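Peer 1: starting from these lines, generate the structure:
(2 chains)
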Amino acid sequence: MNWETVIGLEVHVQLATKTKIFSAASTSFGAEPNTQACAIDLAMPGTLPVLNEQAVHYAIMFGLAINAEIGKVSVFERKNYFYPDLPKGYQTTQLEKPIVGRGEVAIQLADGSTKSIRIHHAHLEEDAGKSIHEGDLPHGSSGVDLNRAGTPLIEIVSEPDMRNIEEAVAFAKKLHSIVTSIGICDGKMSQGSMRFDVNVSVRPMGSTTLGTRTETKNLNSYKFMEEAIEKEVERQIDLIEDGGTVKQETRLYNGDTKVAKAMRSKEEANDYRYFPCPDLLPVIVSDDTIEKLRRALPELPDARQARFVEQYALSTYDAGILSSDANTANFFESVAANASNPKMAANWTMGELSAALNHADLSITESPVSAELLAGMILRIADNSISGKMAKQVFEAMWQGEGNADEIIEAKGLKQVSDNAALEKMVSDVLEANPAMVEDFIASDENKRKKKLGGFMGQIMKASKGQANPQQVNQILLQKLNELL
Amino acid sequence: MHNYTIAELVKGLQSKKFSSVELTQHFLSRINRFNDQYNAVITVTADQALQAAHLADQRLAFGSAPALCGVPLLHKDIFCTKGVRTSCGSKMLDNFIPPYNATVVENFEQAGVVMLGKTNMDEFAMGSSNETSFYGPVKNPWATDCVPGGSSGGSAAAVAGRLAPGATATDTGGSIRQPAALCGISGLKPTYGRVSRWGMVAFASSLDQAGPMARTAEDCALLLNCMASFDDKDSTCVDVEIPDYSASLNKPVKGLRIGVPKEYFSEGLHPGTEEAVKKALADLEAQGAELVEISLPNSSLSVPAYYVIAPAEASANLSRFDGVKYGYRCENPKDLQDMYCRTRSEGFGEEVQRRILIGTYCLSAGYYDAYYGKAQQVRQLIEQDFVEAFAKVDLIVGPTCPSPAFKFGSKGDDPVAMYLEDIYTIATNLAGLPGMSVPCGMVEGKPVGLQIIGNYFDEARMLNVAHQFQQVTDWHRLMPKGIS
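Peer 2: Below is the predicted model:
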């Protein structure tokens, strides 16, 4: 039988506020455990939450970015369960009246088509702390780090509109692109700034009723998400084809060990006993506030992509890559402007730079090669001072912090030789020094000659210490060899 | 010195008749001598108090001290006090020392008020007799075999027993007014949102409100002037102008329309209490007030609605006491589940556990609509009753509680009988209205309380009427036996 996969996502996005959603403690990542948890975050008796206005504004901005209804009156509720990293014994979240209502997100697929994924709602809530099970702890005990407790989140809940892994990943990436573009999230997946819960079910192709779904929680990379969905779809199909049924359950996937397992069944699920939080008033959002936020909303990725195609004559594909997050887009635009060469700016940003950043696990804002440095180097390529090959050396040196392009070209003596007379002499010298190669070349047929040309090029470039302008050398070489034929 | 009212103490301090240090020493020595009889104070902060008194004296000498500077007070042990144990009457917090002050405590500290210590209370403010305290019951100074009421029984008994001229208290369903009535003192629960809840250990967040206890309405006004503040640390605090509550005390009551709810004079009201309250109403009428019979038709629903809403909120509020971060933790837990279970079974008393269970049940899937949802609807009906009543009258007056102080253990086996103690006080908490109790008679040698319920933020008028009542009556001047 043919099976259709149905996927829905719940995406937790940490909002890039300076302070927590209900306290003045810092939200910055990576501090010593429990140094960013105040009395409110520790749920000390008598402490009370005060809502962070910025978090509300960020949530509204997300709603506006996906054309959603904005909840003019939204209500915080308490979701009750016991866990050591949940200091109050309840999570303050929204249920019946979320801040963001129905909306939609368009995704682009590899075949060039687009698809609209419906958003059921998005709500504001607080993050929990972290339980620590390893490290310097007494035997048999676990630690709790409450630095993350109270970090503002929006949880974005999609409809089950995705039909395969590609769509799910495209949707996740698009959300990443939107929230980073409007500046409400730093987008650092490795730090947990975006986390995915994946709801997966399968059904016979053509069926219109949904199968029983499972939820795999807390995936923090696209790769793990792909793997988890793939495994889960396979598991469900095998199960059904073997005569079994899928049980509604919550599952965990360990990206390191590649092992998925059931965490709890529907029957074991907590009764969260939601009720409106009496410590917080309903959040009333005025039309005025919504309009102000709408006007101040930064350029969205789709609009930016269209602009890049138009303004810089990039392909839709390249424009899509460069516009997907605000930092990359800004970097590219800065390089393009400084170098007056959008095509090269695009190629270097997406190529060499992107590869180096990936390799070093750095974000573009942490790049050792700034937009100005990269643009400076592109200017030297464009004016033929250096070849593309030399540029790679220059880039490497800039990455290592050895200075700007001009300084490096100077220091390494990388100046490209483009003087015709000098180059002609270099070519003649190499031809004279290698009579056997020349004879071999003459004796070869057309196809083999093309290959043998490389041998001469190598010799000449070596003789010029790599500084000869390769295009010119190529031209001169062909001319001289043709004269010999 | 201990028979002076706060108003008199303020005059004495400012005219240098006595110093704050002398006053503080006097009350500390009274606590030292008499607290064994009442068990009203569970933490005495003598050194800190004397230091604060010394500072207050310096401020007084300088001449620009705030009104209450140098006056000693006791705080209910529900208010967090920086560096001083705040137990909330529970084993769970027996070792808890907050690193911050409640806003109420802070307001008094800023005003130069001297904290003598912390008063006993029903565990987590859950009780009407002070029998649920981890530190043992408080005894009523009028009859030490009787309860002082609760949950602010320690504060009420301390004021009645002259261990302090005034005390802070909190009221979720009657916890200021009922003990004030049973101990023959004055106590006021302000409008919800008038006084900050920051640093006040939460019982039922939508009902909890702090207020003053003292011997007279005039003193309550002085204390409320300091307690009431808009606080951006409490999102439910209301930013409404705070009047000088002392300024309007002397307005005549003539022409005031006083509503007398017929539902407050029905079955279950002790005849002695009824007689005293009716006499008090006659006194007010004699002063020129107009008595108007009114109806609060949904009154009978207030106790059941309250015992759904308050436990529901409490069940979540008390989840933080899990042994993980502070407070009591059981010995040698086997695992996480064991730690949670034993910590909470050992750390909480029976009544607290009962209410957590009731609240958890009311919020559970399948029961929410029938209990919590319904109770919220009832809450709106009760609010509506008051809105309609206040369209016709300026104040509502009736008994504070059905009968005078009862004997220890007499209601211990019957939680519902105990819950009915608050039958006249609970509705105002549900509606968020202010209420107060002043002494209005004696039955069987024990005080009777008159309840005055005001419209939202109308505390000044309540205090005015209470003060005028105290100008023509002496009930607030009576002293329990053994106090000279």
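Peer 1: using PDB, write out every CA atom in the host helix or strand of A:Ile409.
Peer 2: Following DSSP states H and E, one finds A:Ile409 within helix A:405-412. Output in PDB follows, covering the C-alpha atoms of helix A:405-412 (Å, rounded to 0.1, in the frame of the first residue of the first chain):
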ATOM      1  CA  ALA A 405      43.300  42.400   1.300                       C
ATOM      2  CA  ASP A 406      45.800  45.100   0.300                       C
ATOM      3  CA  GLU A 407      48.100  44.500   3.300                       C
ATOM      4  CA  ILE A 408      48.000  40.700   2.600                       C
ATOM      5  CA  ILE A 409      48.700  41.100  -1.100                       C
ATOM      6  CA  GLU A 410      51.600  43.300  -0.200                       C
ATOM      7  CA  ALA A 411      53.000  41.100   2.500                       C
ATOM      8  CA  LYS A 412      52.700  37.900   0.500                       C
END
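Peer 1: helices or strands next to that helix in the packing?
Peer 2: helix A:371-382, helix A:388-399 (3 or more Cβ pairs under 8 Å, 6 or more residues apart in numbering or on different chains; DSSP states H and E). To be clear about C-beta, it is placed using only N, CA and C from the backbone, and glycine gets the same treatment.
Peer 1: out of those helices, which is the most enclosed?
Peer 2: Using mean count of other Cβ atoms under 10 Å in any protein chain shown, the stretch among the helices and strands packed on helix A:405-412 with the greatest mean number of neighbours is helix A:371-382 (a mean of 21).
Peer 1: residues in contact with that one?
Peer 2: Helix A:371-382 is contacted by residues A:331, A:334-341, A:344-345, A:348-349, A:353, A:386-388, A:391, A:394-395, A:398, A:404-406, A:409 when judged by Cβ atoms under 8 Å, 6 or more residues apart in numbering or on different chains.
Peer 1: what angle do it and helix A:405-412 make?
Peer 2: Interaxial angle of helix A:371-382 relative to helix A:405-412 (axes from the mean of the first three to the mean of the last three Cα atoms, to 10 degrees): 60 degrees.
Peer 1: returning to what we had before: show the average pLDDT along the helix holding A:Ile409.
Peer 2: Averaging pLDDT along helix A:405-412 yields 90.
Peer 1: try stretch A:195-205
Peer 2: Mean predicted confidence for stretch A:195-205 is 97.
Peer 1: can you give me the distance of whichever residue of chain B sits closest to chain A to B:Ala40?
Peer 2: At 2.4 Å from chain A, B:Ser319 is the closest residue in chain B, using Cβ to the nearest Cβ. Using Cβ to Cβ, to the nearest Å, one gets 30 Å for the distance from B:Ser319 to B:Ala40.
Peer 1: enumerate the residues of the stretch 251-400 of chain A near chain B.
Peer 2: A:271, A:273-275, A:278-281 (Cβ under 8 Å from any Cβ of the partner chain).
Peer 1: buried ones in stretch A:322-336?
Peer 2: A:322-329, A:331-336 (16 or more other Cβ atoms under 10 Å in any protein chain shown).
Peer 1: pull the longest helix from chain B.
Peer 2: helix B:20-38 (DSSP state H).
Peer 1: flag every buried residue along that helix.
Peer 2: Neighbour counts over helix B:20-38 (16+ other Cβ under 10 Å) mark B:20-25, B:27-28, B:30-31, B:34-35, B:38 as buried.
Peer 1: tell me the mean pLDDT for that helix?
Peer 2: 97.
Peer 1: go on, stretch B:450-464?
Peer 2: Here the average pLDDT along stretch B:450-464 is 98.
Peer 1: and what of stretch B:396-416?
Peer 2: On average, stretch B:396-416 scores 91.
Peer 1: same thing with stretch B:314-321?
Peer 2: Mean per-residue pLDDT for stretch B:314-321: 98.
Peer 1: what does that stretch contact?
Peer 2: Under Cβ under 8 Å, 6+ apart, the answer for stretch B:314-321 is A:43, A:45, A:78, A:80, A:82, A:87-90, A:273, A:275, B:92-93, B:124, B:126, B:202-205, B:327-328, B:343-344, B:347-348, B:352, B:355-360, B:363.
Peer 1: in strands, which of the residues you listed appear?
Peer 2: Using DSSP state E, A:78, A:80, A:90, A:275 are the members of the contacts of stretch B:314-321 that sit in strands.
Peer 1: highest neighbour count among those?
Peer 2: The residue in the ones in strands among the contacts of stretch B:314-321 with the most neighbours, by other Cβ atoms under 10 Å in any protein chain shown, is A:Arg78 (27 neighbours).
Peer 1: quick check: bridge partners of that residue?
Peer 2: On the basis of DSSP bridges, A:Arg78 is bridged to A:Thr92, A:Phe275.
Peer 1: which ones are touching it?
Peer 2: Shown in contact with A:Arg78 (Cβ under 8 Å, 6+ apart): A:90-93, A:273-277, B:316.
Peer 1: mind giving me JSON lines with these and columns for distance to A:Leu293?
Peer 2: Listed next are these as JSON lines, based on distance: Cβ to Cβ, whole Å:
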{"residue": "A:Tyr90", "distance to A:Leu293": "29"}
{"residue": "A:Gln91", "distance to A:Leu293": "26"}
{"residue": "A:Thr92", "distance to A:Leu293": "23"}
{"residue": "A:Thr93", "distance to A:Leu293": "22"}
{"residue": "A:Arg273", "distance to A:Leu293": "34"}
{"residue": "A:Tyr274", "distance to A:Leu293": "28"}
{"residue": "A:Phe275", "distance to A:Leu293": "30"}
{"residue": "A:Pro276", "distance to A:Leu293": "25"}
{"residue": "A:Cys277", "distance to A:Leu293": "24"}
{"residue": "B:Ala316", "distance to A:Leu293": "32"}
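Peer 1: where does A:Tyr253 land in three-state SS?
Peer 2: A:Tyr253 carries the three-state label strand when classified by DSSP: H, G, I helix; E, B strand; the rest coil.
Peer 1: oh, I was asking about B:Lys374
Peer 2: helix.
Peer 1: what's the neighbour count on it?
Peer 2: For B:Lys374, the neighbour count with other Cβ under 10 Å is 16.
Peer 1: likewise for A:Val438?
Peer 2: With other Cβ under 10 Å as criterion, A:Val438 counts 18.
Peer 1: helix, strand, or coil at it?
Peer 2: A:Val438 ends up helix, using three-state DSSP.
Peer 1: got it, and A:Glu291?
Peer 2: With three-state DSSP as the basis, A:Glu291 sits in helix.
Peer 1: and it, how close does it get to A:Val50?
Peer 2: Using Cβ to Cβ, A:Glu291 is found at 25 Å from A:Val50.
Peer 1: same check on B:Ile452?
Peer 2: Plainly put, B:Ile452 is 33 Å away from A:Val50 if you go by Cβ to Cβ.
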